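In: Structure for the following, please:
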Amino acid sequence: MNTADTEEFERFVRVSSPGLLRTAWLLCGDSHRAEEMVQESLERVYLRWGRVRRGGQPLAYTRRVLININTDRWRRSHKEVLTYDGSIDETPAVGGGWIEDRDQVIRLLRLLPPREREVVVLRHYADVSERDVADMLQISVGTVKSSASRGLSTLRAALSEQESQS
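Out: Have a look, this model is predicted:
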């Protein structure tokens, strides 16, 4: 890679890393694992930077790599343990509002199967279009819609139950 490409990639990393880290954290629920996933994603993108940059969608490509890494790790372990150690500074935006209790976000996302969690995080946190989510996850737009609907329904029911217990 030449100097200009390296500088462009470094700018991309500076601009996109915070959002990628928040997305990874919402996908896996562990800040250390999220950092590892982002690092691995950026390493993979760096190796293909010329092609990725020419494709015009480096952030979308990097998100897809991040999702693949998360899926691969989930498949290898066959289980997920979601935790939060308080190390991510910014409160994630969910559904247009700010959630103050990040533990609650992880507890709620833990209720969703991995595919529904990926769809909900990408659609309603990262604000990715249905078509782009379908392309990233290699599923149909209909599957994105039904997964998002089921995931949001589960989250609403859990929130209603929590509120009624309070």
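In: List the single closest residue to residue 40 in space, sequence neighbours excluded.
Out: Counting by C-beta to C-beta, 6 or more residues apart in numbering, residue 40 lies nearest to residue 69, which is 5.5 Å off, once chain neighbours are set aside. All C-beta spots, glycine's among them, are computed from the backbone N, C-alpha and C.
In: can you tell me how far the one you found sits from residue 145?
Out: 25 Å (C-beta to C-beta, to the nearest Å).
In: do the same with residue 25
Out: Per C-beta to C-beta, residue 25 is found 25 Å from residue 145.
In: And the two? Which one has more around it.
Out: Set residue 25 next to residue 145 and count neighbours by other C-beta atoms under 10 Å: residue 25 wins out with 27 against 15.
In: Which element, helix or strand, includes that one?
Out: Element membership of residue 25 [criterion: DSSP states H and E] is helix 3-28.
In: Show me where the protein has its strands.
Out: With DSSP state E, the ranges of strands along the chain come out as 93-94, 97-98.
In: what comes up buried for stretch 33-41?
Out: Neighbour counts using 16 or more other C-beta atoms under 10 Å place 33-35, 37-38, 40-41 of stretch 33-41 among the buried residues.
In: Sort out which one of these lies nearest residue 17 for me.
Out: Nearest to residue 17 among those is residue 38, at 6.5 Å by C-beta to C-beta.
In: Name the nearest residue to residue 66, ignoring sequence neighbours.
Out: Excluding its sequence neighbours, the residue lying closest to residue 66 (C-beta to C-beta, 6+ apart) is residue 41, at 4.4 Å.
In: rewinding a little: if I look at the residue nearest to residue 40, what pLDDT would I see?
Out: Per-residue pLDDT puts residue 69 at 93.
In: cool, residue 24 as well?
Out: 92.
In: Let me see the contact set for it.
Out: 33-35, 37-38, 41, 66, 70 (C-beta atoms under 8 Å, 6 or more residues apart in numbering).
In: rewinding a little: how near is the residue nearest to residue 66 to residue 112?
Out: Distance, residue 41 to residue 112, by C-beta to C-beta: 22 Å.
In: now residue 38
Out: Noted for residue 38: a distance of 21 Å to residue 112, by C-beta to C-beta.
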